[in-house]
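Enquirer: Give me coordinates for this.
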Amino acid sequence: MDYFKSIIGQSPALDAIIRSAKIAAATDVTILLNGETGTGKEVFAHAIQKSSTRANNPFITLNCAALPESLIESELFGHKKGSFTGATSNTSGLIRSAHGGTLFLDEINSLSLSIQAKLLRFIETGECLAVGDTETYKVNVRIIAATNVDLNTAIAEGAFRRDLYFRLNVVPLNMPALSQRSGDLELLISHFFKQFEKEHVLPAPQFSKLALKSLKSYQWPGNVRELRNLCERLCILLSGKVIETDSLPAEIINSQKQINTVPLFRLPSTGVNLDNLEASMIQQALEITHGNRSQSARLLGLSRDTLLYRMQKHGFAPQ
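Expert: Numbering: from 1, shown residues only. A predicted model of the protein is given here:
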């Protein structure tokens, strides 16, 4: 079964990540998911787990930003009874609970440096030490980590260990923002409307052409999660209706107004070389799609034949 089919979208950026994730899933390699909040990192982690040899074993999730530093160590590694105030019994910890399976550490950038050091030791040796214990224990756990900040910047600021970064960054997967997947917007809307229509037993609304155009031009800072929340809200408040632009949230309406007043491309006073600019756009599209010409043509708004003609015009090597 292809567990990645649950990930909605056909954009070149998403396709490239899915291909890499499928390859990595078949191994036990450590994976680092990079991406903005709401891009679906946990969904990807689940798909990787289900596609791996550990599929029938535990999948344990910890949001590293959700617990205070004083509790994170105990939550991860467990503790002995009486090791601190409130420790009324022995606790195994999430790492031991994930034995044979996968531990997904979301927002790993939120871990303190002291916990990072202990996590590094576990990744290197497979050994853990519970709080208040003197004997280590060994477990077999795959680590998938996720971050919504640039860890290289965190390293430069002294907030993240470089050696831990290298241990985690064996296979990096960079999740595309929804603004990079505008072609997936209608697919996602259809998926969410069907989901909430069934969940709330209400007829789904529809977007007018102008409203849909506004959604496509919006930058979606909250990414897929923001779109999902909007679809659920509209399914409840405007069920069965046609949604016009004036029924959209203020941030989307205001964003559209700004786009209408700002040119898509501002010509510099020194001018540009149109041939060089076109060649650069083609090169970037080919890099994003790993050389897939059909996907590159869609990114550029061209037919495949037109793209091939322009590639020949600019001297791109045939493949």
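
Enquirer: neighbours of the closest residue to Ser11 other than its chain neighbours, just the number please.
Expert: Nearest residue to Ser11 in three dimensions, chain neighbours excluded: Arg181, at 4.2 Å (Cβ to Cβ, 6 or more residues apart in numbering). From N, CA and C alone the C-beta is placed, and that goes for glycine too. Residues near Arg181, counting by other Cβ atoms under 10 Å, number 22.

Enquirer: do you know how far Arg181 is from Leu105?
Expert: In this view, Arg181 and Leu105 are 25 Å apart by Cβ to Cβ, to the nearest Å.

Enquirer: again with Glu42
Expert: The value you get for Glu42 to Leu105, if Cβ to Cβ is used, is 11 Å.

Enquirer: again, but for Leu267
Expert: Going from Leu267 to Leu105 by Cβ to Cβ gives 47 Å.

Enquirer: which residues are common contacts for Glu42 and Leu105?
Expert: Listed as contacting both Glu42 and Leu105 by Cβ atoms under 8 Å, 6 or more residues apart in numbering are Ala146.

Enquirer: Can you pick out the residue with more neighbours from the two?
Expert: Remark: of Glu42 and Leu105, Leu105 carries more neighbours, 24 against 15, as counted by other Cβ under 10 Å.

Enquirer: How about the secondary structure of that one?
Expert: Classification of Leu105 by DSSP: H, G, I helix; E, B strand; the rest coil places it in strand.

Enquirer: my read: it touches Ala145, true?
Expert: Yes. Counting by Cβ atoms under 8 Å, Ala145 is a contact partner of Leu105 at 4.6 Å.

Enquirer: Verify the stated contact: Glu197 with Pro205.
Expert: No. Here Glu197 does not reach Pro205: they are 9.4 Å apart, not a contact under Cβ under 8 Å.

Enquirer: who touches both of those two?
Expert: By Cβ under 8 Å, 6+ apart, the residues touching both Glu197 and Pro205 are Cys235.

Enquirer: hang on, the earlier thing: for the residue nearest to Ser11, what are its contacts?
Expert: Contacts for Arg181 (Cβ under 8 Å, 6+ apart) come out as 9, 11, 13-14.

Enquirer: Same check on Gly40?
Expert: Counting by Cβ under 8 Å, 6+ apart, Gly40 has contacts 7, 175, 223-224.

Enquirer: if I look at it, how far off is Phe192?
Expert: Gly40 is 13 Å from Phe192, by Cβ to Cβ.

Enquirer: Ok, Glu157 next?
Expert: 37 Å.

Enquirer: Looking at the two, which one has more neighbours?
Expert: Ranked by neighbour count (other Cβ under 10 Å), Glu157 and Phe192 place Phe192 first, with 21 against 8.

Enquirer: Where does that one sit: helix, strand or coil?
Expert: helix.

Enquirer: excluding its backbone neighbours, what's nearest it?
Expert: Cys231 (3.7 Å).

Enquirer: wouldn't the one you found be in contact with Lys194 here?
Expert: No. Contact between Cys231 and Lys194 fails when scored by Cβ under 8 Å: they sit 9.8 Å apart.

Enquirer: the more surrounded of these two?
Expert: Cys231 (23 against 13).

Enquirer: show me the contacts for the more buried one.
Expert: Cys231 touches 189, 192-193, 196, counting by Cβ under 8 Å, 6+ apart.

Enquirer: Return the member of these nearest to His99.
Expert: Using Cβ to Cβ, Phe192 comes nearest to His99 of those, at 36.0 Å.

Enquirer: got a list of what that closest one touches?
Expert: Per Cβ under 8 Å, 6+ apart, neighbours of Phe192: 227-228, 231-232, 235.

Enquirer: of the residues you listed, closest to Asn273?
Expert: Nearest to Asn273 among the contacts of Phe192, with distances taken as Cβ to Cβ, is Leu227, at 38.2 Å.

Enquirer: surely that closest one meets Leu188?
Expert: Yes. Contact criterion Cβ under 8 Å: Leu227 and Leu188 qualify, at 5.9 Å.

Enquirer: intersection of neighbour lists for these two?
Expert: Listed as contacting both Leu227 and Leu188 by Cβ under 8 Å, 6+ apart are Leu178.
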